[in-house]
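A.B. asks: With the input below, show me the fold.
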Amino acid sequence: MDVRSLREPKMAERVAAVLRKMLVRGEIAEGTMLPPETELMERFGVSRPTLREAIRVLESESLIEMQRGAHGGARVARPQRETLARYAGLILEREGVTLRDVYDARVAIETPMVKQLAIEQDAATIAELEEIVARESTLPPGSRGVDQLTDFHAAIARLSSNNTLRIISEMLHHIIEKANRSLQPTTGPRAEQALRRSAKTHRMVLDLIKAGDAEKAGELWTKHLQKAEEFLFANSEMSTVVDLLE
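C.D. replies: Presented below is the predicted three-dimensional model:
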């Protein structure tokens, strides 16, 4: 097999790879300024254009932030989950993924999280969920009420002990949130009833988590998400993620 045509990675990509590994491992602390260009050029043995290309790659990944001005430079930043969510959303849009597919994925991801919270019965987790449910007892009308109800869903993901599931859930959350604002009715008796029903279900799920009944908590959460999906898409003409851009 002739592999002579394989291209060696560009030098800028190799420099970015070395710096990326150092940043992700915490070898260069968050908030620290990278050394001056001249020092980095000498350390890596590269030209200024090559170094700047590597820096642009890391900036696009939200691993560094460029500070302008006399005391500017490249400052180390914490990788943002929003960056992952944004790119994932673009891929879903490009692939024509349906909104129903995204909501079905949420059921598959969030239900195990709810069950695990019931198994763990962590006091701090329960206390935080209690605060959210208490705020839901006086939901504001319209879109603000819809937005407030998403706090419970976000907390389910944030408080999960499975980091991988949490990150995947947060990746989809921005799409779910945008769809809720675009599709969910916010006025009228039907919308008000849906808000009250959701808040009541959140309380019931929390009670099951506190009781340690993982199976019933999971079953109720699955049913809740499926009902929410039916309500959301009842009168919607949107079919794909890309429709949210319009």
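
A.B. asks: in the chain, which spans are helices?
C.D. replies: Ranges of helices within the chain are 11-24, 37-44, 48-60, 81-94, 99-120, 123-136, 143-158, 163-183, 189-211, 214-233, based on DSSP state H.

A.B. asks: Counting by contacts, list what the shortest one packs against.
C.D. replies: By that I understand helix 37-44. helix 48-60 (3 or more CB pairs under 8 Å, 6 or more residues apart in numbering; DSSP states H and E). Where you see a C-beta, it was placed from the backbone N, CA and C, and this is true even at glycine.

A.B. asks: Show me which residues of the helix it packs on are buried.
C.D. replies: 50-55, 57-58 (16 or more other CB atoms under 10 Å).

A.B. asks: can you check stretch 178-193 too?
C.D. replies: Using 16+ other CB under 10 Å as the test for burial, stretch 178-193 gives 179-180, 183-184, 186, 191-192.

A.B. asks: likewise stretch 84-100?
C.D. replies: Across stretch 84-100, burial judged by 16+ other CB under 10 Å covers 84-85, 88-89, 92-93, 97, 99.

A.B. asks: With distance to G26 as added columns, please give the buried residues of helix 48-60 in CSV.
C.D. replies: Below are these laid out as CSV (distance: CB to CB, whole Å):
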residue, distance to G26
T50, 25
L51, 22
R52, 24
E53, 24
A54, 19
I55, 19
V57, 19
L58, 15
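
A.B. asks: Closest one to E170 out of the residues you listed, please.
C.D. replies: E170 lies nearest to L58 out of the buried residues of helix 48-60, by CB to CB, at 21.9 Å.

A.B. asks: Lowest-confidence one in the buried residues of stretch 178-193?
C.D. replies: Lowest pLDDT of the buried residues of stretch 178-193: T186, 64.

A.B. asks: if we can go back for a sec, any chance of the helices of the chain in JSON lines with distance to G72 as columns?
C.D. replies: Below are the helices of the chain laid out as JSON lines (distance: least, CB to CB, whole Å):
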{"stretch": "helix 11-24", "distance to G72": "18"}
{"stretch": "helix 37-44", "distance to G72": "11"}
{"stretch": "helix 48-60", "distance to G72": "12"}
{"stretch": "helix 81-94", "distance to G72": "22"}
{"stretch": "helix 99-120", "distance to G72": "40"}
{"stretch": "helix 123-136", "distance to G72": "39"}
{"stretch": "helix 143-158", "distance to G72": "34"}
{"stretch": "helix 163-183", "distance to G72": "30"}
{"stretch": "helix 189-211", "distance to G72": "46"}
{"stretch": "helix 214-233", "distance to G72": "46"}
